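Novice: could you work out the structure for the sequence below:
(2 chains)
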Number of protein chains: 2
Amino acid sequence: MITATNPAVDQAQIVKLFDHWAAAIRAKNVDARMSNYAPNVHVFDVLEPLQHVGSNAVRQRAEDWFSSFAGDLNFELHDLRIAADGDTAFSHSLNHVSGTKKDGENLDMWWRATVCFRKMDDQWMVTHEHNSVPFNSQTGKASLYLKP
Amino acid sequence: MITATNPAVDQAQIVKLFDHWAAAIRAKNVDARMSNYAPNVHVFDVLEPLQHVGSNAVRQRAEDWFSSFAGDLNFELHDLRIAADGDTAFSHSLNHVSGTKKDGENLDMWWRATVCFRKMDDQWMVTHEHNSVPFNSQTGKASLYLKP
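Specialist: The predicted model follows:
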């Protein structure tokens, strides 16, 4: 296969997509958050289970997550790196969220995010996403309060 | 940029690389495990901290991990999916390890693995890797005993 590629254009498209998502998350807008997910996306989430398959699970997770916040939700991507060529791309970043949960908890959490894309009908679509926090081998607890 | 790509060849190269790694892990061979890591690889590991940068950290982690096992280590990749085009590729899988640790613990654990590659000098090199287990929101514990 011979493909004409322009990594600078691809990177700019993906940066724009992340800007769109970040705005969607801050606005707790599920539909906007769901743009650019392939129907059969494989998701490894911070919470159980091991794996979700399908964008319906991503939507449910976004609904649950957004509705757990009492008010505004602050969200940023840090240290974003993107690689793209032809119809394949991936990115990784350290993501930061803060806000007050409905149960009164003040959440201030960083997690690791890897997002993998295929270009379909000239659109970058997420076919795989991996979000996690590490754990502490002494306590067996998820490390929810680490900072970069 | 115009690139001639052959996704079938790329996929076969990456499958072969995973076969090589799996053999290295089963043999607890650090040098063989370290093949195909870019010097500036960004790694999100199952254990703290949030992030490692550089292949030296990957080597240290492999040494620590292999030396924690008393005897043989069983290792397999399941549900491996690979996408590749041009000089960019990614994969994800559910990885299974079992064996007896030096402290007597019988480890039998699944984790989620995402591996991201750039082609450099005609070799697929890992520039990003993300390994994790999810956690249980009720207990705050890392979920070390989930099965697919």
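
Novice: beta partners of residue A:100?
Specialist: residue A:106 (DSSP bridges).

Novice: correct me, but it touches residue A:73?
Specialist: No. Using CB atoms under 8 Å, residue A:100 is not in contact with residue A:73; the gap is 9.1 Å. Bear in mind the C-beta positions are built from the backbone N, C-alpha and C, glycine included.

Novice: between those two, which one's more packed in?
Specialist: Using other CB atoms under 10 Å in any protein chain shown as the criterion, residue A:100 and residue A:73 rank with residue A:73 on top: 19 against 14.

Novice: mind listing what the more buried one touches?
Specialist: By CB atoms under 8 Å, 6 or more residues apart in numbering or on different chains, residue A:73 lies in contact with A:25, A:26, A:28, A:66, A:97, A:98, A:99.

Novice: how much space separates residue A:114 from chain B?
Specialist: In this view, residue A:114 and chain B are 4 Å apart by CB to the nearest CB, to the nearest Å.

Novice: what sits up against the lengthiest helix in chain A?
Specialist: For chain A, the helix with the greatest residue count under DSSP state H is helix A:7-26. Residues from elsewhere that reach helix A:7-26, judged by CB under 8 Å, 6+ apart: A:29, A:32-33, A:35-36, A:66, A:72-77, A:80, A:82, A:84-85, A:89, A:91, A:93, A:97, A:117, A:119, A:124, B:1.

Novice: how about the strands of chain A, start to end?
Specialist: Secondary structure of chain A, counting by DSSP state E: strands at A:2-4, A:37-44, A:52-53, A:69-85, A:88-101, A:106-120, A:123-132.

Novice: export those strands to JSON lines and tack on mean pLDDT?
Specialist: Formatted as JSON lines, these follow (pLDDT from 0 to 100):
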{"stretch": "strand A:2-4", "mean pLDDT": "51"}
{"stretch": "strand A:37-44", "mean pLDDT": "97"}
{"stretch": "strand A:52-53", "mean pLDDT": "95"}
{"stretch": "strand A:69-85", "mean pLDDT": "94"}
{"stretch": "strand A:88-101", "mean pLDDT": "97"}
{"stretch": "strand A:106-120", "mean pLDDT": "97"}
{"stretch": "strand A:123-132", "mean pLDDT": "98"}
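
Novice: need those strands in CSV (columns: distance to residue A:139).
Specialist: As requested, those are exported to CSV (distance: least, CB to CB, whole Å):
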stretch, distance to residue A:139
strand A:2-4, 48
strand A:37-44, 22
strand A:52-53, 27
strand A:69-85, 26
strand A:88-101, 22
strand A:106-120, 17
strand A:123-132, 17
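
Novice: quick one: contacts for the closest residue in space to residue A:42 that isn't next to it in sequence?
Specialist: Distances taken as CB to CB, 6 or more residues apart in numbering or on different chains place residue A:128 nearest to residue A:42, at 5.0 Å, with adjacent residues excluded. Going by CB under 8 Å, 6+ apart, residue A:128 touches A:41, A:42, A:43, A:114, A:115, A:116, B:81, B:90, B:92, B:114.

Novice: hey, what's the fifth one bridged with?
Specialist: Beta bridges link residue A:115 to residue A:91, residue A:129, judged by DSSP bridges.
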